[in-house]
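Novice: Have a look at this fold, sequence not included:
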């Protein structure tokens, strides 16, 4: 009886062990399936993902950095399969090229784009009006305004103006042919965008021709915008269920449960924004010129030339993207030329002072625009003038020191040098000077080893006299 009991007990133990092994195997297989599923379908989750809206901040003057920021953010939104793009904007205007790049990006976007002028007190002037009109949905916060999209002549009359300036006195139709051409081009561009989005094209033309502006309430009444929203919740609820045409396809905007993700500018955008600041661009250009100047004055120093070349290229790139007044640029170039001339042809400060003054005046009129963010600060202009004067003083001081310094080479250096008599007979003999044996002539009794001083040189013959007692000869026989 004892043996069967043991067998039954052993059978029960084996059964429990097998059950635990099967459960453990099932757990391992389930975990492996989860891991393989995550590897095979990284963009999928077991639960339905909530829709996302990427929000971009467009603040300040619109330039190359803003355009780069928008283009990269739009591309990232497409890769992340975002449902909506929101541009929260507060801008006084910007560059025509940058504005048109942003408009093209909006028009070709398969994701609906909502431009929202916010918060209260913000504006969408000039280039901001074009961007607002190009968006699939246009919205404003209470207490905001848009308009003043009249282009003005920039660059000292050297070419057409961008649509980045608001003008208090817009050009009349009786102006020059160039003014009419610029205004008509801006009118046609904004009207085409307005008609594409079904907005008020007549007011768009008025904003360009007369510089008209509208507050949020009137913009809504005149069919310039679709919505007035004071906060993000009001904006999302106001656009929910709207159907828009994005990249040729009908898209219904659904904002219920949507997650808003703020997209901050990356390092590239911040770097572009820094170097395209007119003040930074001007400083970089001057650093570049001065660095190359010091490199030419001291060949082989390397650091001034390398830093100067990089700074000059960055400064010129930034100025090429800005509305530059050619008269101001010419004054700066003239000032730099005068300072370089002072360095290589010292004029006791006359050229240098004139160059510093030319740089200061040129900096104040370099950027021809009404937008404060794109103007040279007076403090920067004054600082550059003072720095230029400092460089002139350093060059003048170096010139004076070199003038007073003792000559160390050439025929002139020989006069006043001291040596020692090697041999002497009558009024002629040989002296040892600078490690060399020279023929010499002089008056007086001299013996080998006596110290002598050179008072003149005739061909390869030195004229000498006994050296003062305090002078030590270079060589004694």
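Specialist: Yep, it's here. Just so you know, these numbers come straight off a predicted model, no measurement behind them. Residues are numbered from 1 along each chain as shown.
Novice: give the contact list for the residue nearest the centre of the chain.
Specialist: Taking CA atoms, centre = their mean, the centroid of the chain lies closest to residue 275, which sits 1.7 Å from it. Contact partners of residue 275, counting by CB atoms under 8 Å, 6 or more residues apart in numbering, are 281, 284, 314-315, 317-318. In this view, the C-beta of every residue, glycine as well, is placed from N, C-alpha and C.
Novice: Now the two most distant members of these.
Specialist: The span of these, defined through CB to CB, is set by 284 and 317 at 9.2 Å.
Novice: So for those two, which sits in the more crowded spot?
Specialist: residue 284 (24 against 16; other CB atoms under 10 Å).
Novice: In terms of helices and strands, where is the more buried one?
Specialist: helix 278-297 (DSSP states H and E).
Novice: got it, and residue 306?
Specialist: helix 303-320.
Novice: Using JSON lines, lay out the contacts of residue 275 together with distance to residue 364 and pLDDT.
Specialist: Listed next are the contacts of residue 275 as JSON lines, based on distance: CB to CB, whole Å; pLDDT from 0 to 100:
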{"residue": "281", "distance to residue 364": "15", "pLDDT": "87"}
{"residue": "284", "distance to residue 364": "18", "pLDDT": "90"}
{"residue": "314", "distance to residue 364": "22", "pLDDT": "88"}
{"residue": "315", "distance to residue 364": "17", "pLDDT": "87"}
{"residue": "317", "distance to residue 364": "22", "pLDDT": "83"}
{"residue": "318", "distance to residue 364": "18", "pLDDT": "83"}
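Novice: from those residues, which single one is nearest residue 256?
Specialist: Closest to residue 256, out of all of the contacts of residue 275 and judged by CB to CB, is residue 318, at 44.8 Å.
Novice: Please tell me I have it right and that closest one contacts residue 283.
Specialist: No. Using CB atoms under 8 Å, residue 318 makes no contact with residue 283, being 10.2 Å away.
Novice: Who has more neighbours out of the two?
Specialist: More neighbours surround residue 318 than the other of residue 318 and residue 283, with 22 against 18 (other CB under 10 Å).
Novice: Leaving out the residues flanking it, which one is nearest to the more buried one?
Specialist: Leaving aside its sequence neighbours, residue 318 sits nearest to residue 281 (CB to CB, 6 or more residues apart in numbering; 3.5 Å).
Novice: backbone phi and psi for the residue lying closest to residue 433 once chain neighbours are set aside, please?
Specialist: Of all residues not flanking residue 433 in the chain, residue 419 sits nearest, at 3.4 Å (CB to CB, 6+ apart). As for residue 419, its main-chain torsions (degrees, to the nearest 10) stand at phi -150, psi -160.
Novice: Identify the bridge partners of residue 419.
Specialist: residue 452 (DSSP bridges).
Novice: is it true that it touches residue 435?
Specialist: No. With contact defined as CB under 8 Å, residue 419 does not reach residue 435; the gap is 9.9 Å.
Novice: Compare neighbour counts for those two and give me the winner.
Specialist: The neighbour count for residue 419 versus residue 435, taken as other CB under 10 Å, is higher for residue 419 (28 against 8).
Novice: Against residue 458, how distant is the more buried one?
Specialist: Distance of residue 419 to residue 458, computed by CB to CB, to the nearest Å: 16 Å.
Novice: could you say which helix or strand contains the closest residue to residue 266 other than its chain neighbours?
Specialist: Of all residues not flanking residue 266 in the chain, residue 72 sits nearest, at 7.2 Å (CB to CB, 6+ apart). Assessed by DSSP H and E, residue 72 sits inside helix 64-79.
Novice: residue contacts, the closest residue to residue 71 other than its chain neighbours?
Specialist: Nearest residue to residue 71, sequence neighbours excluded (CB to CB, 6+ apart): residue 105, at 5.6 Å. With contact taken as CB under 8 Å, 6+ apart, residue 105 is in contact with 70-71, 74.
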